[in-house]
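**Student:** okay, structure incoming, though there's no sequence with it:
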């Protein structure tokens, strides 16, 4: 069994390399916590290149659609890469299909990532959490920490990139995308998506057929 590695240490390595969280954790465990050895290991495996590619222009890619069984949930998502050649690769096409399915399975998700969440939404969540009865009698510094933690959790729920991948819950969608960046060698960006739910926003009426027939007879 590998040594215990703190989440902060994993986050630090990820910030340096751009590799996925699970890859960083595994590399640190294999290197007995030595961050330099972990960086070297990730580079050898080709997993430390995602951050270097993150600034590259992405103007190619695919628009993927997914209709769930029963045709009551539908998704369209645009995922960009750098070249049309990569857009045609099966690995990229598999990624787009997996992400479309992920969106269909994540009804709480509204934004690509936390950076895309408008500030007014964040402030609203802070107001909601600050007004909850279960923290009103706690010291102010404790309230601040509780609200911060709850808001962060809520923002994670709204962010597609922070969702656990439905086919491998040990990684997030961000980790999945970074793995494909390392594999394919191009920048990949989820640009936008829309999720359709049949009848969403419409009032559903259960018709009373006897009343309907009576009305037709009277007219």
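**Tutor:** Arrived safely. In this text the structure is predicted, and so the values were computed from the model without any measurement.

**Student:** other residues contacting the lengthiest helix in the chain?
**Tutor:** Under DSSP state H, the helix in the chain containing the largest number of residues is helix 140-158. The contact list for helix 140-158 (CB atoms under 8 Å, 6 or more residues apart in numbering) reads 108-111, 114, 117, 121-122, 125-126, 129-130, 135-136, 138, 162. Where C-beta positions appear, they are placed from N, C-alpha and C, glycine not excepted.

**Student:** write a ChimeraX command that selects only the buried members of those residues.
**Tutor:** Listed next is the ChimeraX selection for buried residues among those, using 16 or more other CB atoms under 10 Å:
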select :109,111,117,125,129,135,162
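
**Student:** any idea how many residues pack against residue 187?
**Tutor:** 19 (other CB atoms under 10 Å).

**Student:** give the residue spans of this structure that score low on pLDDT.
**Tutor:** Scanning the chain for pLDDT under 70 picks out 1-2, 15-16, 18, 46-58, 203-219.

**Student:** residue ranges of the strands in it, please?
**Tutor:** With DSSP state E as the criterion, the chain has strands at 60-67, 73-81, 164-165, 168-172, 189-197.

**Student:** go through stretch 148-167 and flag the buried ones.
**Tutor:** Using 16+ other CB under 10 Å as the test for burial, stretch 148-167 gives 150-151, 154-156, 158-163, 165.

**Student:** in contact with residue 118, which residues?
**Tutor:** Counting by CB under 8 Å, 6+ apart, residue 118 has no contacts.

**Student:** so it versus residue 130, what's the distance?
**Tutor:** In this view, residue 118 and residue 130 are 19 Å apart by CB to CB, to the nearest Å.

**Student:** one step back: tell me the most buried of the strands of the chain?
**Tutor:** Sort those by mean neighbour count, taking mean count of other CB atoms under 10 Å, and strand 73-81 sits at the top with a mean of 20.
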